[in-house]
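> coords below, sequence missing:
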């Protein structure tokens with residue numbers, strides 16, 4: 001059995017104009033999906049579930065591996081006890 005690999009959590013919200021957004025987190029870090037882009041603009045609420053399915057398919061295909069590896073690398077290493 002292979003371990004589950006994918007975003008630890010996602011958060012979705014809408015702005016005052018009604019546009020919906022989806023944010024992915026891995027290793028307690030927001031995934032950077034592109035330069036200066038850390039959320040997916042979905043548009044309308046009815047596109048939320050299909051967008052989440054697209055993200056799941058992208059994770060299965062390995063398309064978010066680079067972003068997840070970068071999130072892991074950006075975490076601070078715990079200090080050694082003396």
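Sure, I can see it. No experiment lies behind these values; they were computed from the predicted model shown.

> Which single helix of the protein contains the most residues?
Taking DSSP state H as the criterion, the chain has its longest helix at helix 48-60.

> Are there helices or strands packed against that one, and which ones?
Contacts defined by 3 or more C-beta pairs under 8 Å, 6 or more residues apart in numbering; DSSP states H and E place helix 48-60 against strand 9-14, strand 20-26, strand 40-43. C-beta here means a position set from N, CA and C on the backbone, and glycine is covered the same way.

> mind listing what's buried in the last one?
Applying a neighbour-count criterion of 16 or more other C-beta atoms under 10 Å, one finds 40, 42 buried in strand 40-43.

> Identify the bridge partners of residue 25.
Beta-bridge partners for residue 25, by DSSP bridges, are residue 9, residue 30.

> Wait, it touches residue 12, no?
No - assessed by C-beta atoms under 8 Å, residue 25 is found out of contact with residue 12, at 11.9 Å.

> Give me the contacts around the helix or strand following the longest helix of the chain.
Later in the chain than helix 48-60, the nearest helix or strand by DSSP states H and E is helix 65-74. Helix 65-74 has contacts (C-beta atoms under 8 Å, 6 or more residues apart in numbering) with 5-7, 24, 26-27, 29-33.

> least reliable of the helices and strands packed on helix 48-60 going by mean pLDDT?
Confidence, taken as mean pLDDT, is least for strand 9-14 of the helices and strands packed on helix 48-60 (a mean of 90).

> so what does that strand touch, helix or strand wise?
strand 20-26, helix 48-60.
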